[in-house]
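K.L.:
Here you go, sequence then predicted model.
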Amino acid sequence: MRKKGIALFLVLGVIMLVILAASIMLNIVLSQTRLVHHVVSRTQAYYAAKGAMYYTLEKLRKGQWNLGGSYTFCKTTSCTVTDTDLPNSIQKISVDIGGPNSGISGTSLVTVDVNYTYQPY
């Protein structure tokens, strides 16, 4: 009779250890998923800002935008530039163009600001 009782406690102990290990692994996986999602959102914002900056510089090079202006890129029509290809995490990209001689070596200063949201799962 004692052997059957010990076997029951051993099986329950092993099951508890397996459940504990599984919950730890699940917690690690979920944590990594949130971290990767945050990194993806930040990377999308970074490259969207670079794209807006290069777009602005090209417009300035062609003389289609003015120095000292401010331009906004977003998905709605109330912005200067409507871009439906922006990721869902990015609300708005603002580009401010300084006047002549406002930057380094007498060039114009271009400032890019990206508003994005990180919504964890």
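P.N.:
The structure has been received and is ready for your questions. Residues are numbered from 1 along each chain as shown.
K.L.:
going forward, measure contacts and count neighbours with C-alpha atoms only.
P.N.:
OK.
K.L.:
how much space between Asn115 and Leu10?
P.N.:
Going from Asn115 to Leu10 by CA to CA, to the nearest Å gives 56 Å.
K.L.:
actually Asn101, not the one I typed
P.N.:
In terms of CA to CA, Asn101 sits 78 Å off from Leu10.
K.L.:
Next: Lys50.
P.N.:
Per CA to CA, Lys50 is found 60 Å from Leu10.
K.L.:
Against which helices or strands is the helix or strand Leu12 falls within packed?
P.N.:
Assigned by DSSP states H and E, Leu12 falls within helix 2-62. Under the contact definition 3 or more CA pairs under 8 Å, 6 or more residues apart in numbering; DSSP states H and E, helix 2-62 sits against strand 90-97, strand 110-116.
K.L.:
and the next element down the chain from that helix?
P.N.:
Going down the chain from helix 2-62, the next helix or strand is strand 70-74, by DSSP H and E.
K.L.:
For the next helix or strand after that next one, give me every contacting residue.
P.N.:
Once strand 70-74 ends, the next helix or strand along the chain (criterion: DSSP H and E) is strand 81-82. Residues from elsewhere that reach strand 81-82 (CA atoms under 8 Å, 6 or more residues apart in numbering): Tyr71, Thr72, Phe73, Cys74, Lys75, Thr76.
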